[in-house]
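>>> Starting from these lines, generate the structure:
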Amino acid sequence: MFPFISKLLDNLNDTWCDSILDSGVLPHAVLRVLIRRELRRRLDEITPPFPDKVIATVSAKGNPSLKAKLEEMASPKIALLPGVLAPISRWSETLAYKMNFFETVRHQPIAIETDAANRQNYEIATGIMANMLGPRIKYSCSYYPTGNESLGEAEEKMLDLYIERLGLEAGMRFLDLGCGWGAAVLYFAEKIPGMEVVGFSNSRTQKEYIDARAYELGLMNLRIITGNCTDYEFERDYFDRALSVELFEHMKNYEGLMAKMSRALRPGGQLLVHHFCHRTTPYHYEDGWMARTFFTGGTMPSSDLLLYFQKDLVIKKHWWINGYHYSKSLEHWLENTMARRERMMPHLVKTYGEEKAVVWHNRWQIFHLASSEMFKTDGGDTWGVTHALFEKPDMEMQVFGLQAV
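A predicted model of the protein is given here:
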């Protein structure tokens, strides 16, 4: 058994491992050991000196001399004391890598692999998510301020945090870009009946579910638009507030997406972006089990990523949410996935087919385990969640030297 586990540890990114993982034969305790080993490998890759394969992902259309720059930085340059030289700090190398990363994504489309992302995470039977997630079907990080909250309570704690940070109130026009199964739009429409609530989704099944729930609840202030956010254009200067929860991780050209959101907001309007992140260093999901199975074309942003894309919207406030909150959310999802297996199975069959239903039940377990272990690394201070509040400048008021109240 131990030689077999050792081989898995050394080859976790190889596709031959997929059949072992799909089989469900490995206990969760063993999977957690494998996952922690892989996470340490990932941290080594995004810590200077950067491996060539990591440098290559941010050099294709950015600065092709990044490798030479980093090699030059590694040579002793800084005199600490007379006759004593030290290499340039690793943080300088990280910043050079990040600047090249940001330049590269400016040359990419707003999103890539959109069909894969939709197929893997969104255009799936609602019954899978309704059994796996909490009562609000919030497929994103929830909030546990005391640590004793149930999953349903934690979902609403995070939704209330969005309301507070956006200052939502009656009379506003609100947009949720990437609304999922309607956790936010249904909650907001019910809680603030005098606010116009619009959800945008690329999934037909999500729209069908939200429309049905809105009808059941008698919500007349909610409507759902379906489309592809890479080419859809909203009415200009229409919305007072906008929210995007865990959508930007599927994007590449953040400047293009921020410009699109700026056009949709009225002057003085605000956008709150909730995205998971690494504390300091962005990277793309280029290979490995997660990239193949759940996150094709995805990106792990850094906490400060969007601060480098303020051409159209300006940062007002920036928060860090410890990864503990996401780890706890995922452990709750894992508990549900295990406890509600029989209830989920018909929906797994509907989405993946009879032959793959059990495989995908195993894959969802691994997804929860892997993500939970990632977010709890180093006490939740390495990977976590960022909330970034942006505002569209009122150019007319700026011309006259006035300040928005």
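
>>> list the buried ones in stretch 238-253?
Of the residues in stretch 238-253, those buried by neighbour count under the rule 16 or more other C-beta atoms under 10 Å are 239-248, 250-253. C-beta coordinates here come from the backbone N, C-alpha and C atoms, glycine included.

>>> now do stretch 379-393
When burial is assessed from 16+ other C-beta under 10 Å, stretch 379-393 yields the following buried residues: G380, T382, W383, G384, V385, T386, H387, A388, L389, F390, E391, K392.

>>> same deal with stretch 173-192?
By neighbour count, and taking 16+ other C-beta under 10 Å as the criterion, the buried residues in stretch 173-192 are 173-190, 192.

>>> How far away from the center of its chain is it?
Relative to the mean C-alpha coordinate of its chain, stretch 173-192 is positioned 18 Å out (C-alpha atoms, centre = their mean, to the nearest Å).

>>> and I366, how many neighbours?
Burial of I366 is recorded as 22 neighbouring residues (other C-beta atoms under 10 Å).

>>> and the lengthiest helix in the chain, average pLDDT?
The longest helix of the chain (DSSP state H) is helix 357-376. In this model, helix 357-376 has an average pLDDT of 97.

>>> Stretch 256-264 now?
This predicted structure assigns stretch 256-264 an average pLDDT of 97.

>>> now swap in stretch 188-208 and tell me
For stretch 188-208, the mean confidence score works out to 96.

>>> Now do the same for F174: helix, strand or coil?
For F174, the assignment made with DSSP: H, G, I helix; E, B strand; the rest coil gives strand.

>>> and the helix or strand harbouring Y215, what other elements does it pack with?
When elements are defined using DSSP states H and E, Y215 is found to belong to helix 204-217. Helix 204-217 is packed against helix 126-132, helix 183-191, strand 196-201, strand 222-226, with contacts defined by 3 or more C-beta pairs under 8 Å, 6 or more residues apart in numbering; DSSP states H and E.

>>> got the angle for the following helix or strand past the last one vs helix 183-191?
Proceeding N to C from strand 222-226, the next assigned helix or strand is strand 239-245, under DSSP H and E. On the basis of axes from the mean of the first three to the mean of the last three C-alpha atoms, to 10 degrees, strand 239-245 is oriented at 140 degrees to helix 183-191.

>>> Counting only helices, which of the buried residues of stretch 379-393 make the cut?
Within the buried residues of stretch 379-393, no residue falls in helices by DSSP H.

>>> Please tabulate the residues you listed in CSV, including the columns pLDDT and distance to S327.
Formatted as CSV, the buried residues of stretch 379-393 follow (pLDDT from 0 to 100; distance: C-beta to C-beta, whole Å):
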residue, pLDDT, distance to S327
G380, 97, 7
T382, 97, 12
W383, 98, 9
G384, 98, 10
V385, 98, 11
T386, 98, 16
H387, 98, 17
A388, 98, 21
L389, 98, 24
F390, 98, 27
E391, 98, 31
K392, 98, 34
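
>>> Out of those residues, flag the one nearest to S142.
When those are compared for distance to S142 (C-beta to C-beta), V385 comes out closest, at 10.2 Å.

>>> so the closest one touches K328, yeah?
No. Judged on C-beta atoms under 8 Å, V385 makes no contact with K328 at a distance of 12.0 Å.

>>> picking that back up, packing partners for the longest helix of the chain?
With contacts defined as 3+ C-beta pairs under 8 Å, 6+ apart, the packing partners of helix 357-376 are helix 16-23, helix 28-45, helix 289-293, helix 324-339, helix 341-352, strand 383-391.

>>> Once you drop chain neighbours, what's closest to T281?
I46 (4.6 Å; C-beta to C-beta, 6 or more residues apart in numbering).

>>> just K157 next, same as before
Nearest residue to K157, sequence neighbours excluded (C-beta to C-beta, 6+ apart): Y143, at 4.1 Å.

>>> what secondary structure does that neighbour sit in?
Applying three-state DSSP to Y143 yields a three-state assignment of coil.

>>> swap in S140?
For S140, the reduced secondary structure class is coil; criterion used: three-state DSSP.
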